[in-house]
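1. Here is a sequence with its predicted model. Questions after.
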Amino acid sequence: MEKILEVKDLRVRFPVFGGVFLRKIAEVKAVDGMSFDLFKGETLGLVGESGCGKSTVGRAILNILHAMNYGVEISGQVLYHDSGKTVDLNQLSRSQMRPYRSAIQMIFQDPYSSLNPRMTVGQIVEEPLKIHGHYSKSERRDRVVWLLEKVGLTSRHAAQYPHEFSGGQRQRIGIARALSTNPKIVIADEPVSALDVSIQAQVINLMQDLQEEFNLSYIFIAHDLSVVRHISDRIAVMYLGKVVELGPGESVYKNPIHPYSRALLSAVPRPDPTATHEDRIRLVGDVPNPIRKPSGCSFHTRCPIVRPSCSEEEPALEMREGRAVACPFS
Ligand SMILES: Nc1ncnc2c1ncn2[C@@H]1O[C@H](COP(=O)(O)OP(=O)(O)OP(=O)(O)O)[C@@H](O)[C@H]1O
Ligand SMILES: [Mg+2]
């Protein structure tokens, strides 16, 4: 399989300002050495509790963090491969990034706030085409109708406003907008978390159909392992800015190795008869504040199988049973 994206040792630190002079008093290590690949046409599920850095990884890939956050520090590589060429997106300025903006698009969690309420659906879907595309006005109109039909809406919806639609329909509008520029990669940041369970499956099925039709590569972000399970070829489990386990979706779901992956899964009710329930692990407490990341293995403060050395040595990802795991004791 061909790689389309390689993230190498990505680190993102947000400054925390304080005191009378609003100096930098601390930093949040939101992403702290993330490495993973994305293959053409695959879905990589990215899961972890709130605050572990999932959205920041997505924004770092899109290279929009500098524009959004004063003083943010980013290191590592985001290698994008296309037509035999490789470019490190992390090194690009805003203007150099332009040609790649259309290739990598994002779908957001909240289909209520992510669509401009003052624009018609037609204008919302057309907007990226105006910025990135080389289409005439009539070509854009045709493409908007075509896109609306692709996501299960119709041309008559183009004149309506977002508030006239249900959550599921709004997410379809968000998907149409993301697809307007013919992207290669779509980063879906909890795209169904705000939707009713009955609607979630419809939106996921739509995303899968579109993936097949357009050979899209997805990074699918979620809290809930049961959501990513069905759509992900591979799953990466994240804890405090790092990958702790990465492997084929079914095996990570059915037989997680890292104590954190196992704990995350224990939180999910599983109707799966092949899964073992005896060794349930309860996650105690909240994710530690990333301003004060625990030393060594950052999961050691909550780990049920913690050993004395865990607070000293940071475990590297090692290949085991066909996947990468950052825990020598599990
Ligand atoms: N602009 C910012 N300035 C300071 N800290 C930030 C900023 N954005 C994110 N953070 C911090 O970085 C960490 C990671 O945040 P991020 O939003 O990436 O997590 P997440 O995994 O997407 O969480 P959620 O599941 O709640 O969406 C959190 O501790 C968050 O508070
Ligand atoms: Mg998030």
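-> It's in. This structure is a prediction, so every number in the text was calculated from the model and none was measured. Ligands and ions are numbered 1, 2, ... in the order given.

2. Checking Met238 next. Helix, strand or coil?
-> Recorded secondary structure, Met238: strand (DSSP: H, G, I helix; E, B strand; the rest coil).

3. That one pairs with what?
-> On the basis of DSSP bridges, Met238 is bridged to Val243.

4. Tyr80 now?
-> Beta-bridge partners of Tyr80, as defined by DSSP bridges: Leu5, Val87.

5. what do you get for Tyr218?
-> Bridge pairing for Tyr218 (DSSP bridges) gives the partners Thr43, Val186.

6. Now for it: which residues touch it?
-> Glu42, Thr43, Leu44, Ile185, Val186, Ile187, Ala188, Met207, Gln211, Ile231 (Cβ atoms under 8 Å, 6 or more residues apart in numbering). Placement of C-beta: from N, CA and C, glycine included.

7. pLDDT score for the first one?
-> So that's Glu42. pLDDT recorded at Glu42 is 97.

8. count of neighbours near the nearest residue to it once chain neighbours are set aside?
-> Leaving aside its chain neighbours, Glu42 sits nearest to Asp233 (4.4 Å; criterion: Cβ to Cβ, 6 or more residues apart in numbering). Neighbourhood size, Asp233 [other Cβ atoms under 10 Å]: 16.

9. how about the strands in the stretch 151-300 of the chain?
-> Taking DSSP state E, counting those that start in this stretch as the criterion, the stretch 151-300 of the chain contains strands spanning 185-189, 217-222, 234-239, 242-248.

10. low pLDDT regions in the stretch 51-200 of the chain?
-> Applying pLDDT under 70 to the stretch 51-200 of the chain picks out no residues at all.

11. Those residues of it touching ligand 2, which are they?
-> When proximity is defined by Cβ under 5 Å from the ion, the stretch 51-200 of the chain lies next to ligand 2 at Lys54, Ser55.

12. Quick one, grab the pLDDT at the most centrally placed residue in the chain.
-> Nearest to the mean C-alpha position of the chain, by Cα atoms, centre = their mean, lies Ile221 at 3.6 Å. Here the pLDDT value assigned to Ile221 is 97.

13. Save the strands of the stretch 151-300 of the chain as a markdown table, and put in distance to Gly168 too.
-> Shown next, in a markdown table, are these (distance: least, Cβ to Cβ, whole Å):
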| stretch | distance to Gly168 |
| --- | --- |
| strand 185-189 | 15 |
| strand 217-222 | 17 |
| strand 234-239 | 24 |
| strand 242-248 | 29 |
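
14. who's in contact with the residue nearest to Gln208 when sequence neighbours are not counted?
-> Nearest non-adjacent residue to Gln208, counting by Cβ to Cβ, 6+ apart: Ile231, 6.3 Å away. By Cβ under 8 Å, 6+ apart, the contact list for Ile231 reads Thr43, Gly45, Ile204, Met207, Gln208, Tyr218, Phe220.
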